[in-house]
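Novice: Sequence and computational prediction follow.
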Amino acid sequence: MCSSQQTSVDESCSITYPREIHVQRTPAEHRGHIRLTCNSSCFLTDPLISFVWYENRKPTVKEGKQILVPSSNRDSLSCAVKGLEDVRSADVCVNDSCWRLNYVHSRICAVEGSSVNISSKYSHPDYEQIQSKCWYKVKREAEQLTEDPDHVEYDDSMKNQHILRLKKLKRDDSAEYRFTFTTENEEVNQSDFPGVTLIVTELRVKMSPSAVVTEGQRVTLTCSTSCPLTDNTNYIWYLNSRPLTPRENQNKHLILDPVSREDAGSYSCAVKTNKDISSAPKTLTVQSITGTWTPAAAGVSAALLLLILLTVCWWIRKRRTSRLSPTSETMDNLEQVHFGPQHDDISAQPAEQELDYSEINLSKNQTEHPYSTVQSFQEQEHVPYAVVNFRDNTTPELNDQAVDG
């Protein structure tokens, strides 16, 4: 169990941060006495370390790692490291008939939205009868808890044990909880003795070295809490809201080594016993040599590539159409010109006969109907002929030039 003064739950056990204190009973050399030893889960080697002893949850003047008490003593005794009294041992009785009140856990860390059981164990002299039992929530002031089916439940089904069950935990439920029971002659409470400290935490995804990494790096994702959950807690990891394969989902750490572009996405985590309670998603961005790769970037890149291809195809089609249009228009104009039968064979006509001829000018940018440029002439002394001028916009007009037949 960690001291409330411990700066980090990851620190190794030391005298500065003891995790558990307990009292050991051994026979003493003096007849009719019991030796009590205050032990820590850490190996205490500092000779200057002092201990504090309590009788019936009240401090005494006794100090030292070991004390001697009469075997007939009916008080409950406990101890703590001086200066770290927030971590105390459980009460012990020199004999089996004393007032005693202990908690299964003195500090509990629970995930927001989950449920938690806070258990107390007690004993009393056989001649005393329990009249009432209740729990208090202590922040600035002590608040007695009443049963509420949606949030607070009492379980008194086991002998000498009472359980407080809190459901649908909220951040406001973080507090100290104390159990009190009364008899006809005495009330046993925890006014001068710490109860159970409950810390309600949320789940958060942390990424190391950062949330933006380069392809090929080693990336560690941690399902982080503000207090240590139990050591046997199993976790589930999600990528884009889909659970990952079991090979990596049993630990609070998810290691991607080496990380690839396929690992980019939104990650979240949950405790296996409360799958419906997950952390807020956090996005991992994986950069390649050519730039940043994320699922959103991949979709945008594909859309831009498709748009570019469509634009190129449209431009090529338009260019081909613009090149073919003038030729088609010229051919259509030529097909529409109809010469009468009298012009089928000009050389066969008598020289003295008056014949008509037509002059047709076709330009590349023809806008008028071909027939609108047909002009009639009368020739009396020369052999009839026809003149057809094809003119481009870049060549000067060939007006007034004639080819003699």
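Specialist: Right, received. Where do you want to start? Since we're looking at a predicted model, the values are computed, not measured.

Novice: Looks like residue 129 contacts residue 182 (just checking).
Specialist: No. Using C-beta atoms under 8 Å, residue 129 makes no contact with residue 182, being 10.2 Å away. Heads up, the C-betas are built off the backbone N, CA and C, glycines and all.

Novice: between these two, who's got more neighbours?
Specialist: Taking neighbours as other C-beta atoms under 10 Å, residue 129 and residue 182 compare with residue 182 leading, 14 against 10.

Novice: Specify the beta-bridge partners of that one.
Specialist: For residue 182, the beta-bridge partners are residue 132, residue 187 (DSSP bridges).

Novice: partner residues bridging residue 138?
Specialist: The partner list for residue 138 in beta bridges (DSSP bridges) reads residue 142, residue 176.

Novice: First-to-last residue distance for stretch 38-49?
Specialist: 12 Å (C-alpha to C-alpha, to the nearest Å).

Novice: again with stretch 125-136
Specialist: Terminal residues of stretch 125-136 lie 24 Å apart, using C-alpha to C-alpha.

Novice: same check, this time on stretch 72-80
Specialist: 23 Å.

Novice: repeat for stretch 269-285
Specialist: Termini of stretch 269-285 sit 17 Å apart (C-alpha to C-alpha).

Novice: what sits up against that stretch?
Specialist: 111-114, 202-205, 207, 211-213, 219, 221, 223, 229, 233-238, 241, 252, 254, 259, 263-268, 292-294 (C-beta atoms under 8 Å, 6 or more residues apart in numbering).

Novice: And stretch 74-90, by the same measure?
Specialist: Against stretch 74-90 from outside (C-beta under 8 Å, 6+ apart): 1, 3-5, 15, 18-23, 36, 38, 40, 49-57, 63, 69, 91-95, 97-102, 106, 125, 193-194.

Novice: quick one on the thing from earlier: buried ones among the contacts of stretch 269-285?
Specialist: Among those, those buried by neighbour count (16 or more other C-beta atoms under 10 Å) are 111-114, 203, 205, 207, 213, 219, 221, 223, 229, 233, 235-238, 252, 254, 259, 263-268, 293-294.

Novice: Among these, which lie within strands?
Specialist: Counting by DSSP state E, the buried ones among the contacts of stretch 269-285 place 111, 205, 207, 213, 219, 221, 223, 235-238, 254, 265-268, 293 in strands.

Novice: Skipping its backbone neighbours, what lies nearest residue 260 in space?
Specialist: residue 215 (6.0 Å; C-beta to C-beta, 6 or more residues apart in numbering).

Novice: now the one you found: how far from residue 277?
Specialist: Computed as C-beta to C-beta, to the nearest Å, the residue 215 to residue 277 distance reads 33 Å.

Novice: do the same with residue 227
Specialist: According to C-beta to C-beta, residue 227 and residue 277 sit 16 Å apart.
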